[in-house]
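> the following block contains a protein sequence and its predicted model.
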Amino acid sequence: MTYSIGEMIPTRDSYGRTLCDLGAKNDKVVVFEADIGKSTRSSWFGRKFPDRYFNVGIAEQNEMAAAAGAAMCGLIPFVNTYAVFAAMRACEQIRTFIAYPYLNVKICPSHGGITPANDGVTHQATEDIGMMRVIPGMTVIMPADAVAARELVFQAAQYPGPVYLRFTRDAVPVIYPDNTKFKIGKGIRLKAGKDVSIIALGDMVSKALVAQNLLYREKISADVIDMHTVKPLDTEILLDSAGRTGAVVTVEDHQINCGLGGAVCETLSERMNVPVKRIGLKDTFAESGEYEQLLEKYGMSAMDIVKACEDVIGRKNEQ
Amino acid sequence: MLGKEQKLQALVEKSRELRRHILLMIHNAASGHPGGALSAADIVTALYYHEMRIKPKTPGWRDRDRFILSKGHACPVLYSILAMRGYFPEKELFTLRKINSRLQGHPDMKRTPGVDSTSGSLGNGLSVGLGMALALRARKSNARVYVMLGCGELDEGMVWEAAMSATKFKLANLVAIIDYNRLQLDGTNDAVIPLEPLDDKWKAFGWNVLKIDGHDFNQIIHAFSAARRAPRIPTVIIANTVKGKGVSYMENKPEWHGKAPNDNELEKALSEVVK
């Protein structure tokens, strides 16, 4: 499946198609689902490969531990549910039975961040990256668009060990040319700039690009990096960018604590004296509403990114 | 070929040796869980000396039968049987719970040869076994999966999630064994969370239910054969056991759930189990 720049596609759709491609290529790929296969798109795999598709019902802990058992027998399980349930309801199963034995399980939830917008807080996952990132050995990824989702899911299947990849419920614009190459753990510089670094994740990468354009009109040049892998963090590209611009803004669809912003601050505070501002949910739950309305209300819009950039540039100049 | 009586007698001898190892290693570690290890000892002996197809020299053999000690705190019973079967030297049993040891306080599949699944957090083992049974069937392997659960562990809701799904997937290659010693850390099952009618619960979930005396090798072995004959459904063996079995002062005493014997207690215990 190929994609064109500007198309609006939920990354879960790209994942569902990629899973079918993986299933055709590798008979070790098996899929676990918890009764939301039509929504996570894992049901597309289930139709093609019913013998390798295990719907355990609304029982995420059982699902996660069963995936661990399948990996113990040499298979490559992909586990599907919503991010809020994967990372929290089945958190201990991920930690003790998948990460501790370092098993080859790919946890691929849909409904990352506030993208299940009108479903409200129960279905929004805004703490999951933090919870997954703290677990030793976990790899944590959020692709920015359908192309990134396709490529990073292919990579994850080749990558030894546990991987957590979160997708969007809602449609996000395709921002990458279809032939873009990705590498787990390697951030991508989307725009080169010298005044401020915008380090963005997942669905917020497209917002960062809008902000970059707005800043450009103000003659502020922003370095925009898609940090699709939050763990292991690409410290090389981060330190290079922050070293050149001297001011950093992180942008994520997650709490500002413990996620990408937390990871960036952990790295920078030990290595470099630069002002940082984090965009995301500010230690608060969101609510039901349209996705764009929520971004606006909770200070996560392109304009908020612009203001944050101006703020850190101001602080840099005061230093 | 050994006659049946001789076979059973050989298992009894092995179970005495197993109990001796359990007591010695817990005494040496000065912490651990003797009660639940001793109640499981006869079933584990029968699994590793009679029932399971394993190759101790090739712990990673793809088509081996798997054993998951879901009640991971009873791991001295697992480590001892693995050492007896030659997965690692018996003298290593004295490293239990010590720094740099391959024998962790609860089973770690990446450190200990022969341990098929990490365990210790209760309620998870049957789900892990479910995933193994699904995977083995998908790989067209005839290997079977045995999961031993504690009775207190049945308080965990996840056990019942796994029980429902094992029937859905018709996993005849999955056997759950309940070490039904009727005690848990804080007291009796009845005082903490009553489990009865336990067999009816499993029947209602669609399992082939077998009730046995978990210290009678004849019954244990017959239950394993009966499980192999069950068509297209998983089997649960509800094994009535005695916590601390074999050591008079530990039997049926919840305080021996998680306590190591001192020197005098060890001596008395050893004199009883070798009889």
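Everything's here; your move. Numbers count the residues shown, from 1 in each chain, chains lettered A, B, ... in the order given.

> just to check, B:P34 is in contact with B:M25?
No. With contact defined as C-beta atoms under 8 Å, B:P34 and B:M25 do not form a contacting pair (9.7 Å). C-beta: built from backbone N, CA, C; applies to glycine.

> what do the two both touch?
B:P76 (C-beta atoms under 8 Å, 6 or more residues apart in numbering or on different chains).

> pull the contacting residues for A:S197.
Listed by C-beta under 8 Å, 6+ apart, the contact set of A:S197 reads A:A222, A:D223, A:I225, A:L238, A:S241, A:A242, A:R244, A:T245, A:A247, A:V248, A:V249.

> got it, and A:V134?
Neighbours of A:V134 in contact, by C-beta under 8 Å, 6+ apart: A:C258.

> next: A:D145.
A:Y3, A:I9, A:T11, A:S14, A:V172, A:P173, A:V174, A:I175, A:Y176, A:V205, A:S206.

> grab the nearest non-local neighbour of residue 65.
You didn't pick a chain, so chain A it is. Once flanking residues are discounted, A:A65 sits nearest to B:S127: 3.5 Å by C-beta to C-beta, 6 or more residues apart in numbering or on different chains.

> oops, wrong one, chain B.
Among residues not flanking B:D65 along the chain, B:M52 sits closest, at 4.1 Å (C-beta to C-beta, 6+ apart).

> about what we covered before: please produce a ChimeraX select command covering the buried subset of the contacts of A:D145.
Selection of buried members from the contacts of A:D145 for ChimeraX, criterion 16 or more other C-beta atoms under 10 Å in any protein chain shown:
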select /A:3,9,11,14,172,173,174,175,176,205,206
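
> take the contacts of A:D145 and keep only those in strands.
A:I9, A:V172, A:P173 (DSSP state E).

> my guess is the last one contacts A:E7. True?
Yes. In this structure, A:P173 sits in contact with A:E7. The criterion is C-beta under 8 Å, and the distance is 7.0 Å.

> got the contact list for the residue of chain B found nearest chain A?
Distance from chain A to each residue of chain B (C-beta to the nearest C-beta) is smallest for B:G131, at 2.6 Å. Residues counted as contacts of B:G131 (C-beta under 8 Å, 6+ apart) are A:F32, A:A65, A:A66, A:A67, A:A68, A:G69, A:A70, A:A71, A:M72, A:C73, A:P77.

> what about the last one, how many neighbours?
A:P77 has 31 neighbouring residues, counting by other C-beta atoms under 10 Å in any protein chain shown.

> hang on, the earlier thing: contacting residues for the residue nearest to A:A65?
Contact partners of B:S127, counting by C-beta under 8 Å, 6+ apart, are A:Q61, A:N62, A:E63, A:M64, A:A65, A:A66, A:G69, A:Q93, B:M158, B:E161, B:A162.

> need the per-residue pLDDT for the closest residue in space to B:R53 that isn't next to it in sequence.
Once flanking residues are discounted, B:R53 sits nearest to B:D65: 5.0 Å by C-beta to C-beta, 6+ apart. Per-residue pLDDT puts B:D65 at 98.

> how about the one 10 residues further on?
Per-residue confidence at B:C75 stands at 97 (pLDDT).

> can you count the residues close to it?
29.

> burial of the closest residue to B:A10 other than its chain neighbours, as a residue count?
Among residues not flanking B:A10 along the chain, B:L2 sits closest, at 6.7 Å (C-beta to C-beta, 6+ apart). A count of nearby residues for B:L2, using other C-beta under 10 Å, gives 9.

> now do A:Y102
As a burial measure, A:Y102 scores 15 neighbours (other C-beta under 10 Å).

> mind checking the SS state of it?
Following DSSP: H, G, I helix; E, B strand; the rest coil, we place A:Y102 in the coil state.

> roughly how far does it sit from A:P136?
Going from A:Y102 to A:P136 by C-beta to C-beta, to the nearest Å gives 9 Å.

> what sits against A:F85?
A:F85 makes contacts with A:A34, A:E60, A:P109, as judged by C-beta under 8 Å, 6+ apart.

> and if we set it to 7 Å?
Counting by C-beta atoms under 7 Å, 6 or more residues apart in numbering or on different chains, A:F85 makes contact with A:E60.

> about what we covered before: now the contacts of A:S197 in TSV, with distance to B:Y48, neighbour count and secondary structure?
Below are the contacts of A:S197 laid out as TSV (distance: C-beta to C-beta, whole Å; neighbours: other C-beta atoms under 10 Å in any protein chain shown; DSSP: H, G, I helix; E, B strand; the rest coil):
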residue	distance to B:Y48	neighbour count	secondary structure
A:A222	64	29	strand
A:D223	61	24	strand
A:I225	55	27	strand
A:L238	52	23	helix
A:S241	57	24	helix
A:A242	57	26	helix
A:R244	63	13	helix
A:T245	63	23	helix
A:A247	63	26	coil
A:V248	58	28	strand
A:V249	60	31	strand
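
> and which of those is nearest chain B?
Taking C-beta to the nearest C-beta as the measure, chain B lies nearest A:L238 of those, at 31.5 Å.

> any idea how far A:Y164 is from that closest one?
Relative to A:Y164, A:L238 is positioned 20 Å away (criterion: C-beta to C-beta).

> pull the contacting residues for A:E290.
Neighbours of A:E290 in contact, by C-beta under 7 Å, 6+ apart: A:A117, A:N118.
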